[in-house]
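# sharing a model that was predicted from the sequence below.
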Amino acid sequence: TVECNGETFHVYLTEKELRERIAELGKELSERYAGKNPIFIGVLNGAYIFLSDLMRRVEIPCEVDFLKLSSYGDEKVSSGQVTDLKDIDANIEGRNVILVEDIVDTGLSMKYIVDKLQKKNPASIATVTLLHKSEATHHDVQLDYVGFKIPTLFVLGYGLDYAQEGRNLAQIYILDGE
Ligand code: PRP
Ligand code: MN
Ligand code: MG
């Protein structure tokens, strides 16, 4: 178990489970995007570790850029509001975009970003999320690649934070008692 902000967490997805699933996703993306020079867009902060591991499993030419927004603040539940903190720098007009999130919870962030990127006229947008809290998702989002469908639990580690801490944990954890 690990402590984060005074609460105790235990492992939910191990390094091995993450590594194996991410290798599969990398292979699928390599096949689908061969010859298309896709651009990965990671959503900071949460997606940075998943994106870096995923891209190293992609065996075709590709690029990367980032945007940043915040919907959770320091709480354990989504605030219901999205704040733009940083836009992408790349020109994605006519490009094949692969949007990468660590988790889709209510779906608000993903929906907001897809709508925002759509206005920049990319050739295509595919969505990838490591985790999907499917029962909590009430915004209308299309998820093309999902690493793991999970129940409505608070998750921590591998990029996911609790009040900004715990992103460095190598595995994904849930609260003790859940
Ligand atoms: C978290 C997570 C997703 C989003 C999912 O980000 O990384 O981006 O919330 O929630 P939703 O589906 O209800 O919108 P957060 O706002 O905590 O910022 P962070 O990535 O910097 O931790
Ligand atoms: Mn995030
Ligand atoms: Mg967060």
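Arrived safely. Ligands and ions are numbered 1, 2, ... in the order given.
# got the contact list for stretch 11-28?
50, 53-59, 128, 130, 145, 147-148, 150, 153, 155, 158, 170-174 (C-beta atoms under 8 Å, 6 or more residues apart in numbering). Where you see a C-beta, it was placed from the backbone N, CA and C, and this is true even at glycine.
# and the residues you listed, which of them are in strands?
Residues of the contacts of stretch 11-28 located in strands (DSSP state E): Val128, Leu130, Tyr145, Gly147, Phe148, Ile150, Val155, Ile172, Tyr173, Ile174.
# please convert the buried members of the contacts of stretch 11-28 into ChimeraX selection syntax.
In ChimeraX, a selection of the buried entries from those looks like this (16 or more other C-beta atoms under 10 Å):
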select :50,53,54,55,57,58,128,130,145,147,148,150,155,158,171,172,173,174
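# most centrally placed residue in this structure?
Centrality entry for the chain: nearest residue to the mean C-alpha point is Glu101, 1.6 Å, by C-alpha atoms, centre = their mean.
# elements contacting the helix or strand where that residue lies?
For Glu101, the host element (DSSP states H and E) is strand 96-104. Under the contact definition 3 or more C-beta pairs under 8 Å, 6 or more residues apart in numbering; DSSP states H and E, strand 96-104 sits against strand 39-44, helix 48-55, helix 108-118, strand 124-133.
# what sits up against the first one?
Counting by C-beta under 8 Å, 6+ apart, the neighbours of strand 39-44 from elsewhere in the structure are 48, 51, 54-55, 62-69, 85-86, 88, 90, 92, 95-102, 109, 113, 117.
# how about the secondary structure of Arg21?
helix (DSSP: H, G, I helix; E, B strand; the rest coil).
# can you pull the residues of the protein lying near ligand 1?
Residues of the chain found near ligand 1, taking C-beta under 6 Å from any ligand atom as the criterion, are 43, 45-46, 70-72, 78, 101-110, 161.
# follow-up on the earlier one: can you say which of the helices and strands packed on strand 96-104 is nearest to His139?
Taking C-beta to C-beta, helix 108-118 is the member of the helices and strands packed on strand 96-104 nearest to His139, at 4.4 Å.
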